[in-house]
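Peer 1: model this:
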Amino acid sequence: MQNDLLLLSSSAVFGMKPLEYALDVVKEFLDGESNLLFVPYALANYDSYTIRVQNMLAPLGVAVEGIHTAVNPRQVVETARVLFVGGGNSFRLLKALQEHDLLAIVRKRVEAGELRYMGSSAGTNMACPSLRTTNDMPIVQPSSFGAFGLIPFQINPHYLDPDPHSHHQGETRADRIEQFLEENDVPVLGMREGCWLRRRASALILGGITGARLFTRKAEPQEIAPGTDLSWLLETRALFDWRG
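Peer 2: Have a look, this model is predicted:
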């Protein structure tokens, strides 16, 4: 199956164990695969991050291999069947992916149906054309903002609704997304913690225990409930040079 994706807004939800809210859909996504290649580049301590993910997926009996343990990361990507790109800092993650020359090979194998892609938080952001809708501070500088481009629209993980009772005078998440849309005519899906996107070829469904908000240029944001078919978003054309 081409473009087999599971994109989680987050691995954690308040009051639940890490990945607990999504274990059923992760099991469905794995479809019997018992080995997973994990990309921990978004955090500084690769070993401890990989162990954490192994513990998260232990209920499913999945063996997790950290890509950082390979002498040649590209080589293990070329033979992997499932890739999980974890969360953390999106700028650090993208810079490492570029330095290891992994963007093109992952994109090619996912689009060919040879590799299943699961992302969480920053890893979900990497599935977009660009990291431009991340929430993160640019602690490092990647050579470009172009990411995997496995979907043609943008995602804002960990989306937070404006709090009408807050005294905070700075920009809300919605304000920042609207500023993005002033410069880029590309839909942005603000995914609250606890939701995911499941793509199978040309079908795209929002799932989870929370919903999302869809932002488009010169339109009011739309509330998207779990179970909504968003396949039409796959027809979006990214209007910026995301590979540059």
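Peer 1: what's Glu33 in contact with, if anything?
Peer 2: Applying C-beta atoms under 8 Å, 6 or more residues apart in numbering, we find Glu33 in contact with 62, 81-82, 116. Just so you know, the C-beta spots here come from the backbone N, C-alpha and C atoms, and that holds for glycine as well.
Peer 1: assign it to helix, strand or coil.
Peer 2: Following DSSP: H, G, I helix; E, B strand; the rest coil, the label given to Glu33 is coil.
Peer 1: need the pLDDT of it.
Peer 2: We have a pLDDT of 94 for Glu33.
Peer 1: what does it show for phi and psi?
Peer 2: Dihedral angles phi and psi of Glu33 (degrees, to the nearest 10) take the values phi -70, psi 130.
Peer 1: where does the residue nearest the centre of the chain fall, phi/psi-wise?
Peer 2: For the chain, the residue sitting closest to the mean C-alpha position, by C-alpha atoms, centre = their mean, is Thr124 at 0.3 Å. Phi and psi for Thr124, reported as degrees, to the nearest 10, are phi -70, psi -40.
Peer 1: ok so, going back, filter the contacts of Glu33 down to the buried ones and hand me the PyMOL line.
Peer 2: Remark: buried members of the contacts of Glu33, expressed as a PyMOL selection using 16 or more other C-beta atoms under 10 Å:
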select buried, resi 62+82+116
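Peer 1: strands - which of the contacts of Glu33 land there?
Peer 2: 82, 116 (DSSP state E).
Peer 1: give the contact list for the residue nearest to the centre of the chain.
Peer 2: Here Thr124 is in contact with 7-9, 87, 155, 157, 191, 197 (C-beta under 8 Å, 6+ apart).
Peer 1: all strands for the chain, in order.
Peer 2: 4-8, 35-39, 63-66, 82-85, 116-120, 154-156, 188-191, 195-200, 203-208, 212-215, 222-224.
Peer 1: sorry, back to before: identify the farthest-apart pair in the contacts of Thr124.
Peer 2: Gly87 and Leu197 (14.9 Å; C-beta to C-beta).
Peer 1: what's the spacing between Val82 and Gly194?
Peer 2: To Gly194, Val82 is 22 Å away according to C-beta to C-beta, to the nearest Å.
Peer 1: with Glu111 instead?
Peer 2: Taking C-beta to C-beta, one finds Glu111 at 29 Å from Gly194.
Peer 1: do His158 as well
Peer 2: 10 Å.
Peer 1: what do those two both touch?
Peer 2: 9-10.
Peer 1: gap between the two ends of stretch 120-136?
Peer 2: End-to-end distance for stretch 120-136: 14 Å, by C-alpha to C-alpha, to the nearest Å.
Peer 1: let me know the average pLDDT across it.
Peer 2: For stretch 120-136, the mean confidence score works out to 97.
Peer 1: ditto for stretch 198-215
Peer 2: Rounded mean pLDDT across stretch 198-215 is 97.
Peer 1: figure out how far that stretch is from the centre of its chain.
Peer 2: Chain-centre distance of stretch 198-215: 12 Å, with C-alpha atoms, centre = their mean, to the nearest Å.
Peer 1: over to stretch 65-85?
Peer 2: Per C-alpha atoms, centre = their mean, the centroid offset for stretch 65-85 relative to its chain is 18 Å.
Peer 1: same question, stretch 81-101
Peer 2: Using C-alpha atoms, centre = their mean, the offset of stretch 81-101 from its chain centre is 10 Å.
Peer 1: go on, stretch 183-201?
Peer 2: With C-alpha atoms, centre = their mean, you get 9 Å for stretch 183-201.
Peer 1: quick one: end-to-end length of that stretch, please.
Peer 2: 29 Å.
Peer 1: now stretch 211-222
Peer 2: End-to-end for stretch 211-222, by C-alpha to C-alpha: 11 Å.
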